[in-house]
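J.: The sequence isn't on hand, but the structure is:
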């Protein structure tokens, strides 16, 4: 069910969310309405970016609340399957809780997100690509292994011929962009540094993601 890979030695799990299993069009419609009201980035943690995001602004009455109830039911099954499919050592009666903490909406090259992690908020970060096309920026992961910045200098000839897009070679590079499609969800340890780079194209279609924090706990 889950496609599993490793980036820089860090596990990343990917699964497709059935768009017909919840009210996707209604959620997108609400987010589009909010986007058209104007910028929504009260925390201002991303300098010079006009990315529209609901984080830390969930109770702002200027914007319509997104009804995630049907989507939450879908997520419950996804996260339960995540726990069931991957054995976490000898822990029995493993449980979880989750919180949809943000949506992001963007469509131009001034809408980006600087490198960050969710380390102090959860065990795993989850990004659901609700709306995405080939011109939208993909999530970029940063390699925090200390040796990553030296490979291109130490092994110059070898570095020139290796495939920089291969997941298996990612440990040798300072960053990697994971290929995802609309309706994908990725789950990765919250310590993982990631960002949304500036887009090369301006599109009429919003890039929309829903971000969830997932915590695991024993009974």
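T.: Received, thanks. This is a predicted model, so every value here is computed, not measured. Numbering: from 1, shown residues only.
J.: what does stretch 156-164 contact?
T.: Residues from elsewhere that reach stretch 156-164 (C-beta atoms under 8 Å, 6 or more residues apart in numbering): 151, 152, 169, 172, 173. From N, CA and C alone the C-beta is placed, and that goes for glycine too.
J.: what mean pLDDT would you report for that stretch?
T.: Across stretch 156-164, the average pLDDT comes to 87.
J.: How far off centre is it?
T.: Here stretch 156-164 is found 29 Å from its chain centre; the criterion is C-alpha atoms, centre = their mean, to the nearest Å.
J.: Which pLDDT value goes with the spatially most central residue of the chain?
T.: Central residue of the chain (C-alpha atoms, centre = their mean): residue 127, 3.2 Å from the mean position. According to the prediction, residue 127 has pLDDT 98.
J.: and it, which of the three is it?
T.: strand (DSSP: H, G, I helix; E, B strand; the rest coil).
J.: again with residue 192
T.: Per three-state DSSP, residue 192 ends up coil.
J.: Let me see the contact set for it.
T.: Going by C-beta under 8 Å, 6+ apart, residue 192 touches 7, 10, 12, 117, 125, 141.
J.: can you rerun that using 7 Å?
T.: For residue 192, the contact set (C-beta atoms under 7 Å, 6 or more residues apart in numbering) comprises 10, 117, 141.
J.: can you check residue 99 too?
T.: With contacts defined as C-beta under 7 Å, 6+ apart, residue 99 is in contact with 212, 213.
J.: 10 Å instead, please
T.: By C-beta atoms under 10 Å, 6 or more residues apart in numbering, the contact set of residue 99 is 72, 121, 122, 211, 212, 213, 214, 215.
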